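Asker: what follows is a predicted structure for the sequence shown.
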Amino acid sequence: MGFFDGFRVTIRQVFEPRVTHRYPDEKRSKPPRFHGRHVLGRYEDGMEKCIGCELCAGVCPARCIYVRGADNPPDAPVAPGERFGFVYEINYLRCIHCDLCVEACPTEAITESKLFEFSFVDRQDAIYTKDELVVDDEGHPRQQPWEDWRPGDDAHTSGWMRATSPNGDAAFEGRVQWSGELGYGVRHPEAGQVGDRDDEATGNISIREVDAADIPRRYGGRYR
């Protein structure tokens with residue numbers, strides 16, 4: 001490569017689309033199945049989804065979840081059925097965000113938001129309790145002082161759950177098979193690989209159509 005060929009490569013980059021973001025001033029959008037901070041959901045009537053079965057704690061490879069169930073008060077039940085999650089804790093010093101807890105949950109109680117910026121100055125703050133994990137009366141995650149929430153971080157908390165289909169059968173793609181959530185109702189299914197998609201409603205990105213028009217493939221394709 002000659003002397004001026006090097007300048008030509010540099011100047012050509014000036015007119016190419018920018019592939020970086022001014023983080024943390026700007027946060028890029030997250031993939032629909034991004035694994036962030038957990039939340040414990042509620043049904044549309046306000047009842048908690050967690051039944052204290054402890055399956056999430058049982059499958060957790062990092063052993064970061066501690067759950068204890070209790071009998072529902074007859075006069076004021078917390079969750080449908082006989083029991084509810086009386087104690088629920090997640091130790092984020094251990095959590096690896098594998099999402100096995102989300103897959104194991106029989107009631108779709110535990111899901112993950114898109115938030116990953118939460119640092120602690122006290123080790124005790126890293127242990128989230130039930131009061132911090134259960135969504136508020138509007139169905140939104142309870143924001144802690146050390147968390148950097150931005151618009152959209154809580155918009156698709158059940159993205160991974162809605163992406164899976166029974167036994168991976170493509171015939172179930174696009175079919176609603178989950179319960180409604182407080183504040184959001186019954187969410188739309190994630191755009192899959194069968195062509196049934198509604199990005200305006202779901203904000204999701206089809207796995208096989210990932211911003212190919214935004215970034216030239218000759219610069220790495222930028223598949224996510």
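Answerer: Sure thing, it's come through.

Asker: for Met161, give me the pLDDT.
Answerer: For Met161, the pLDDT comes out at 67.

Asker: quick one: the strands in the protein, in order.
Answerer: For the chain, strands defined by DSSP state E occupy the ranges 38-40, 65-71, 83-91, 110-112, 127-128.

Asker: so which elements touch the second one?
Answerer: What that stands for is strand 65-71. Here strand 65-71 touches helix 55-59, strand 83-91, going by 3 or more CB pairs under 8 Å, 6 or more residues apart in numbering; DSSP states H and E. Glycine gets a C-beta too; all of them are placed from N, C-alpha and C.

Asker: Ser113 is nearest to which of these?
Answerer: Closest approach to Ser113 among the helices and strands packed on strand 65-71 (CB to CB): strand 83-91, 12.7 Å.

Asker: who does that closest one pair up with?
Answerer: strand 65-71 (antiparallel), strand 127-128 (antiparallel) (DSSP bridges).

Asker: residues contacting the last one, please?
Answerer: With CB atoms under 8 Å, 6 or more residues apart in numbering as the test, strand 127-128 has contacts from His38, Glu89, Ile90, Asn91, Tyr92, Leu93.

Asker: re earlier: and the strands of the chain as CSV, adding distance to Gly58 and mean pLDDT?
Answerer: Below are those laid out as CSV (distance: least, CB to CB, whole Å; pLDDT from 0 to 100):
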stretch, distance to Gly58, mean pLDDT
strand 38-40, 16, 94
strand 65-71, 9, 94
strand 83-91, 14, 94
strand 110-112, 13, 90
strand 127-128, 19, 94
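
Asker: all good on my end, thank you.
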